[in-house]
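Undergrad: Quick one, structure for this:
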Amino acid sequence: MNEYEFPALSGIEYLVMEMLERNGEMFGLEMVDASGGELKKGTIYVTLGRMADKGLVDSRTESESHSASQKRLYSPTEYGKRVFKAQEIALKYLNMGAW
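TA: I've put the predicted structure just below:
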């Protein structure tokens, strides 16, 4: 991205950031459940990976107490919060509401 490009979020990325801003750390499948059908199990981790590559989200591993499996908790980065807020303001300014 060059200095003149506005860092925009896709509709799905905007929804993920909105949930993380509202709820704090979340698991991927928790986001799918909370999305009311807008996010799908088959794409959430691809989306989160792409968002991590862009520097929008961070993740950490958390072990489940009753099993040996580990899950990743996702949270917005400071950069991700700024991009989300900027897009939120731009959408309101343009009177487009949310995605």
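Undergrad: pLDDT of the helix or strand Ala90 falls within, averaged?
TA: Following DSSP states H and E, one finds Ala90 within helix 78-93. The average pLDDT within helix 78-93 is 92.
Undergrad: next one: stretch 8-28
TA: The model assigns stretch 8-28 a mean pLDDT of 95.
Undergrad: hmm, who's touching it?
TA: For stretch 8-28, the external contacting residues (Cβ atoms under 8 Å, 6 or more residues apart in numbering) are 31, 34-35, 38-39, 43-45, 47-48, 50-51, 56-57, 71-76, 80-81, 83-84, 87, 98-99. The way it works is simple: take the backbone N, C-alpha and C, and place the C-beta from them, glycine included.
Undergrad: Contacts made by stretch 71-88 with the rest, please.
TA: 6-9, 14, 16-18, 20-21, 24-28, 31, 48, 51, 55-62, 64, 98.
Undergrad: For that stretch, buried residues please.
TA: Arg72, Tyr74, Ser75, Pro76, Thr77, Gly80, Val83, Phe84, Gln87, Glu88 (16 or more other Cβ atoms under 10 Å).
Undergrad: With stretch 19-32 instead?
TA: Neighbour-count burial for stretch 19-32 flags Met19, Leu20, Met26, Gly28, Glu30, Met31, Val32 (criterion: 16+ other Cβ under 10 Å).
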